[in-house]
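Engineer: I need the structure of the sequence given here:
(one chain, ligands or ions: 2)
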Amino acid sequence: PRIYVITPTYARLVQKAELTRLSHTFLHVPQLHWIVVEDAPQPTPLVTDFLAASGLTYTHLYKLTPKDRKLQEGDPSWLKPRGAEQRNEGLRWLREMGAAAKGKEAAALEEAVVYFADDDNTYSLQLFEEMRYTYRVSVWPVGLVGGMKFERPVVEDGKVVRFHTGWRPNRPFPIDMAGFAVSLRLVLTNPQARFDGDAQMGFLESSFLQHLVTLDDLEPKADLCTKVLVWHTRTEKPKMKREDALQKQGLGSDPDVEV
Ligand code: UGA
Ligand code: MN
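Structural biologist: Residues are numbered from 1 along each chain as shown. Ligands and ions are numbered 1, 2, ... in the order given. Below is the predicted model:
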């Protein structure tokens, strides 16, 4: 089965580095279709050129987060969810494609799986083979997240019975975006399922999954959720102290060089 990966991304100094790392992982994954959704008013040359040269099968979309929904410089990172509008745009594209598909292509979509991969996390290749066969929603541990070494679904007798998490375990699905994949069939048959850009901190994943499944339906992967195959790494913002100082003297780095 095919894997559709939806990645929200936005312009910042480390963007091309993040996308490079991610694409080099995806190049090793068979049958992967990358849906890159820019948080921008139009496609940017950097991402357009990057994707064209990537060697991956991809779809390039864009959807600007409205200003009142976007974190402002200096806001604490928990104030507003990130990437919600972009993931919804990816879902819209999938549903449009799903509605138009016929015959063999429609049959292929029946089996496909959808995964939301942020541009800064770290993904093992094994993760994609774990999620490839997903009937409804598959789940697994996520490393270095939520102020913990890892969070994970707790499995008893092959079923998910609760979650190991350090914070509000009673959320409907206390699980990071990187910790689940959904069958495309479920996405197509539940057109109301989307991410709520106004969701409270920690409830973005639940806002989507609530429309699709209950705890009982979850399919535990990664050896019954005993292996960490994805890490919620976050990239440090590069310091530009020297750059700023040189720029004031007219000696900044050549702006025509893409970084
Ligand atoms: C955590 C979760 O892992 C995210 O999946 C979730 O969206 C986020 O919290 C949240 O609650 O909003 P975190 O590392 O804090 O992740 O978020 P980022 O990695 O900064 O952003 C998630 C994705 O959205 C990234 O792919 C990023 O490129 C994108 N993004 C971020 C935008 O498209 N626009 C922005 O303004 C910021
Ligand atoms: Mn992140």
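
Engineer: go ahead and confirm Trp231 touches Gly143.
Structural biologist: Yes. Applying C-beta atoms under 8 Å, one finds Trp231 in contact with Gly143, separated by 4.2 Å. Yep, even glycine has a C-beta here, placed from its N, CA and C like the rest.

Engineer: neighbour count: those two, which is higher?
Structural biologist: Gly143 (22 against 17; other C-beta atoms under 10 Å).

Engineer: list phi and psi for that one.
Structural biologist: phi -90, psi 150 (degrees, to the nearest 10).

Engineer: next one: Phe163
Structural biologist: According to degrees, to the nearest 10, Phe163 has phi -130, psi 140.

Engineer: how many neighbours does the closest residue in space to Lys70 that isn't next to it in sequence have?
Structural biologist: For Lys70, ignoring the flanking residues on the chain, the nearest one in space by C-beta to C-beta, 6 or more residues apart in numbering is Lys80 at 6.8 Å. Neighbours of Lys80 under the rule other C-beta under 10 Å: 19.

Engineer: check whether Lys80 really touches Lys67, as I assumed.
Structural biologist: No. Lys80 lies out of contact with Lys67 (C-beta under 8 Å); the separation is 11.0 Å.

Engineer: identify the contacts common to these two.
Structural biologist: Listed as contacting both Lys80 and Lys67 by C-beta atoms under 8 Å, 6 or more residues apart in numbering is no residue at all.

Engineer: ligand 2 contacts on the protein?
Structural biologist: 118, 120 (C-beta under 5 Å from the ion).

Engineer: okay, now Met97: neighbour count?
Structural biologist: 17.

Engineer: do the same with Gly103
Structural biologist: If we define neighbours as other C-beta under 10 Å, then Gly103 has 7 of them.

Engineer: could you measure from it over to ligand 2?
Structural biologist: 39 Å (C-beta to the ion, to the nearest Å).

Engineer: what do you get for Leu79?
Structural biologist: For Leu79 relative to ligand 2 (C-beta to the ion), the value is 15 Å.

Engineer: next one: phi and psi at that residue?
Structural biologist: phi -60, psi -50.

Engineer: ok, the closest residue to it other than its chain neighbours to ligand 1 distance?
Structural biologist: Spatially, and ignoring its direct neighbours in sequence, Leu79 is nearest to Leu71 (6.1 Å; C-beta to C-beta, 6+ apart). Distance of Leu71 to ligand 1, computed by C-beta to the nearest ligand atom, to the nearest Å: 6 Å.

Engineer: now Leu71: how far from ligand 2?
Structural biologist: From Leu71 to ligand 2 the distance is 13 Å (C-beta to the ion).

Engineer: in contact with that residue, which residues?
Structural biologist: 77, 79-80, 82.

Engineer: and Val113, how many residues sit next to it?
Structural biologist: There are 25 residues near Val113, going by other C-beta under 10 Å.

Engineer: that should have said Tyr4, apologies.
Structural biologist: 25.

Engineer: now swap in Asp217 and tell me
Structural biologist: 14.

Engineer: and what of Trp167?
Structural biologist: 12.

Engineer: for the one 10 residues further on, same thing?
Structural biologist: Met177 is flanked by 23 other residues according to other C-beta under 10 Å.

Engineer: so it touches Phe116, yeah?
Structural biologist: Yes. With contact defined as C-beta under 8 Å, Met177 counts as touching Phe116 (5.0 Å).

Engineer: which residues of this structure fall in strands?
Structural biologist: Assigned strands in the chain, in chain order: 3-9, 32-38, 57-62, 113-116, 122-123, 137-139, 142-143, 150-156, 159-164, 180-183, 219-220, 230-231 (criterion: DSSP state E).
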